[in-house]
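K.L.:
Requesting a structural model of the entry that follows:
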Amino acid sequence: MELMHANQNKSGAMSSQKYVDVSEIKNDTIVLKNGSLRAILLVSSINFDLESPEKQEGIISGYQSFLNSLDFPVQILIQSRKLDINNYIEFLRKKEKVSTNDLVKMQIAEYSAFIKNLADVAQIMSRYFYVVVPFYPIESKSEGMIGKLFSAMNPKQVLTEKSELFETYKTQLWQRVTQVASGLSRLELKSTTLNTEEIIELLYSSYNPSLEGKSILGNLEDVEIQ
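P.N.:
The predicted model follows:
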């Protein structure tokens, strides 16, 4: 979590972190303070209103079947962000510079100005859809005196065992992720799992809603967001 609070002072970071359930983020997985794990899927969308009545009924029926097939809870998260067109504007500027046709250069410049003005005036928003998949490990509530003594005397072995336990839990979490992704694909929805960096950016933007111009997509070429 240090990456998410690098610009805050120590007291400010501590006072805000106590309200956040996240303990750490590693290996594309969120570890909460209660020991449970989370994985996040970015999911494409369907323009439901443009579908025929028959197709709409099929989508509803398929979605119901998808939810009924799960034996664990999932969380659906929707996040709206101001559309970031800076990369596209920079792409147009490069095209303008390399163009040898004066008319084309002028058209590109006018088009770039129009797009930038439209995005600023209309406040165009992009909407992203996520499915959060959980895993709750069953752990002992208390180690007992012997367990605490063993931990103090063998810290390296304890760390090794905790690491192995994390990998075991993560494997079971990823089985759920695969199940969810498979169910979504039957609804003609594409999905991809967020990696560690993308999870950090998503959480940071969620706790800092005024943040603009940050990309959370990464390498998600296979996902078509509508």
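K.L.:
so how many other residues sit close to Q75?
P.N.:
Burial of Q75 is recorded as 11 neighbouring residues (other CB atoms under 10 Å). For every residue, glycine as well, the C-beta is placed using N, CA and C.
K.L.:
hmm, I was thinking of I124
P.N.:
Applying the criterion other CB under 10 Å, we find 12 residues in the vicinity of I124.
K.L.:
Quick check, it in contact with K116.
P.N.:
No - counting by CB atoms under 8 Å, I124 sits too far from K116 to count as a contact (11.3 Å).
K.L.:
Which strand in this protein has the most residues?
P.N.:
Of all the elements of type strand in the chain, the one with the most residues (DSSP state E) is strand 125-135.
K.L.:
which helices and strands does that one pack with?
P.N.:
strand 37-43, strand 75-82, helix 155-185 (3 or more CB pairs under 8 Å, 6 or more residues apart in numbering; DSSP states H and E).
K.L.:
Which of these sits closest to N27?
P.N.:
Taking CB to CB as the criterion, helix 155-185 is the member of the helices and strands packed on strand 125-135 that comes nearest to N27, at 6.5 Å.
K.L.:
Which elements pack onto that closest one?
P.N.:
Secondary structure elements in contact with helix 155-185, counted by 3+ CB pairs under 8 Å, 6+ apart, are strand 29-32, strand 37-43, strand 125-135, strand 191-193.
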